[in-house]
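Asker: sequence first, predicted model second:
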Amino acid sequence: MKIAFTSCMDAERVPRQPVWQAIQNENPDVLLLLGDQIYMDWGLSLGRVPKWKKVIERKGEKGLRLFAQEMHRRYGLQWQVPEFQALMRWFVGNRPPAQLQVTWDEHDMAWNNAYGEGVDGNGHDDRTVPGAVKAVAQRLFHQFVGVLRDPASPSSYPPLDLPADLISLPAPTQGIEGAPFEVNGVRLVVLDERSYRTHRDHPDSAAPQARLLGPAQQAMLFDALGQADLTVVAGSSPLRHGYLLGHQGWAAPPDASGRTRDYPDYQAFQDAASASGKAVLYLAGDIHKNAWGGQIGSSPIVQAVSSGAALGNMFLKRFDPCYGVVTVSPDAGGGAVEVALKRLDTLPPTPDNPSVDSLRVLRYGRAGWEGAIPAADGDAVRFEGTASLDRDMSVLCLRGRTRKFSRTSVALEFDGNNFETLYHGDPAETEDEYAEVVRFSPAPDGLRMQALRSYNNSDPQTILLREAFERAQQNGRPAVVLYVHGFGKSFADGVGQGLALSKKYEVETVPVSWSAGETQDHSGLLKLLGSVLQGQEEAEDFWTTGRLRNAVLAFGQVGMGYSEIRKVIVVRSLGALPFFGAMSTFRSPTGLHDYGWGGRPPHQVIDRLVLSAAAVPVNDHAKWLDYWGIPTCVTINRDDAKLKIYNWLELKQVPLGMSEPVLHRLALCARYFDCTQLPGIGLDHDYLLRDQLPPALEALNRAMVRGETMDPPFNGFSASPGHGNYYQATNV
């Protein structure tokens, strides 16, 4: 059984919409349209009171009729989109019309950030939808859905048919939610998440608590859970997601005082799903891109989002058409669920060959999901202190200890619950020229950590690195990886990513932990900017770059004693800034060995440097790489969302990790792999750490991280760029 879902379309700005042909090619059994079928407004809504509300308040009956005429016109435009109409006719001609399910969101209910009930958080009703407006909008919505579901609907949209006195229409007593239905043993529930919504900080004394679903719809949803081994719930708003400038999901970042601002429905839904003991897949739209939400808290709810079926440009921002496909394959013990989030390249459109932003395969049984659930897009790969550790691990820490421990001169030992207290929060200033060393080892209650100061000499660092090479030798691991993490990672996040690399690629990893902007709250634009600036300041700090330079030198020096073990340096994201700063001391190919490599050229000491999603400017990178002469692999995603934000905030050169390879500015010692639009990539930043990537990309990542031979052409990569293709650019 196959479910296709998407949301957000605007026929006025996008009269041709190839996404519908792509969906028809999928041959779905169920089609879900999850809101914003039209846009009564579009763009940044900066006014306190929406434009249409002002018109209705000022002109009364005449204003409401103008609103109705405009809404009817927009529905008519969407029906007359050739690809859309063809899909609807095909679907209701080959499937029960009830398996076409449509809900609405704010733009096809009234206006941006519309609330169906109550007043806004400021005590006004600026964005609340009056009862008569809801009545008009609901009638026109039902007319649109009726046209979609009727196999005999004419090509022209039916005329507007409303009573004479619109302004006196009573508010509907119920929203647009429908009853749960079942297809091939899978239960489906489609929600109305606008009709009953209030502001999160609802001040109405009659309704002191914010609400999203309304009591009757909430009861219907909770009743439906557990009636089948798998329940698919769909709505217009994500349960959780990250907006840079706002947040319309069920969950929200805390306010300035730290107060939680989630809708109570958010936790109640998780509790009800947990009590049901069954698997729940939640599908949503709204955010104008694809996003894998992963598991919601500790509940059995897994989220996937697809949005932006047909949107016009906003200023210079272009929205690629997106849709999702869920394929459920039941069997005797439960079944398999494949979730593919797909995207069309609009230059030129190729609806028969969409790229796959991400592909996740899950398994469910009689008692819920089985096996691991892939982490959400953007979730940090984190090392929890209470987690078990199945191997010894070493860390080089460039950051200073927190003030509480800054004067401590002896080796410190902590249990698994407290290991991060040394390097959490505001780092104290230290003047050591060498990284502190941290050892992790398994213990009955989780792990042990021992941290030791360098005392301005290299002995602890050298000993720790030698231990890593000894472990690699004893355990048959082909490489030791010096790993420099990227932006916004805490001490635990950096260690977690290092451990993930060790397990995924069967190497010995030595994470290098540095202060990367992780102490800032990223929930708003100004806070994110502050975090980026903090990360840049730390990246350019004299002590940070000096300690990293000495760590690289020690890594090469120790590694020369283990000729059978490959030496690989992996640098990600903003970690490229301190790395380039540290290495800029070496301005010639002979510079490195002058500092203690015994006259051996760099390529005979370091087997490979991997720059993944590097945030250094593209213009000067080749000069530095050729100075150092280390064999280098550069991975690029031109759609990288995090680097695009960084580039926008930085307002300087385009970062290397999102720039299209151009032959005249490639380093002679480097190979470049453009991963843009490969299946499983999408807007991703963490493709070295992700699972379920295409086999060729998995093989590429493995060869890079392990320092294995990569004679061109690398297997699985074609020689020409294009939509959905793998490609390698090299002038070696």
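Answerer: It's in. Numbers count the residues shown, from 1 in each chain.

Asker: now the residue nearest the centre of the chain: closest residue in space, sequence neighbours ignored.
Answerer: With distances taken as C-alpha atoms, centre = their mean, Asp377 lies nearest the centre of the chain, 3.2 Å away. Excluding the flanking residues, the one nearest Asp377 by C-beta to C-beta, 6 or more residues apart in numbering is Trp292, at 4.8 Å. All C-beta spots, glycine's among them, are computed from the backbone N, C-alpha and C.

Asker: checking my notes, that neighbour in a strand, right?
Answerer: Yes - assignment of Trp292 by DSSP: H, G, I helix; E, B strand; the rest coil places it within a strand.

Asker: surely it touches Arg360?
Answerer: Yes - using C-beta atoms under 8 Å, Trp292 is in contact with Arg360, at 6.2 Å.

Asker: shared neighbours of these two, anything?
Answerer: Taking C-beta atoms under 8 Å, 6 or more residues apart in numbering as the contact rule, Trp292 and Arg360 both touch Ala304, Val339, Pro374.

Asker: buried residues, the helix or strand harbouring the second one. List them.
Answerer: Looking back up the chat, that one is Val339. Counting by DSSP states H and E, the element that carries Val339 is strand 334-343. Across strand 334-343, burial judged by 16 or more other C-beta atoms under 10 Å covers Gly334, Gly335, Val337, Val339, Ala340, Leu341, Lys342, Arg343.

Asker: which pLDDT value belongs to Asp345?
Answerer: The per-residue pLDDT reported for Asp345 equals 69.

Asker: what distance do you get for Gln209 to Asp201?
Answerer: 10 Å (C-beta to C-beta, to the nearest Å).

Asker: repeat for Leu362
Answerer: Applying C-beta to C-beta to Leu362 and Asp201 gives a distance of 36 Å.

Asker: residue boundaries of the helices in the stretch 1-150 of the chain?
Answerer: Ranges of helices in the stretch 1-150 of the chain, per DSSP state H, counting those that start in this stretch, are 19-25, 51-59, 61-79, 82-94, 106-109, 131-149.

Asker: among the ones you listed, show me which one is buried the most.
Answerer: Highest mean neighbour count among the helices of the stretch 1-150 of the chain (mean count of other C-beta atoms under 10 Å): helix 106-109, with a mean of 27.

Asker: who touches that helix?
Answerer: Residues contacting helix 106-109 (C-beta under 8 Å, 6+ apart): 35-42, 71, 112-114, 116, 129, 134, 137, 141, 194-195.

Asker: now stretch 326-341: mean pLDDT?
Answerer: Here stretch 326-341 scores 93 as its mean pLDDT.

Asker: on that earlier part again, among Trp292 and Arg360, which residue is more densely surrounded?
Answerer: For the pair Trp292 and Arg360, the greater number of neighbours falls to Trp292 (26 against 19), based on other C-beta atoms under 10 Å.

Asker: run through the bridge partners of the more buried one.
Answerer: For Trp292, the beta-bridge assignment (DSSP bridges) gives partners Ala304.

Asker: that one and Glu370, how far apart?
Answerer: 18 Å.

Asker: coming back round to it: export the buried residues of strand 334-343 to CSV and tack on distance to Asp223?
Answerer: Formatted as CSV, the buried residues of strand 334-343 follow (distance: C-beta to C-beta, whole Å):
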residue, distance to Asp223
Gly334, 22
Gly335, 23
Val337, 22
Val339, 25
Ala340, 30
Leu341, 29
Lys342, 33
Arg343, 36
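
Asker: shaky segments in the stretch 101-250 of the chain?
Answerer: For the stretch 101-250 of the chain, the stretches with pLDDT under 70 are 120-123, 202-208, 242-247.
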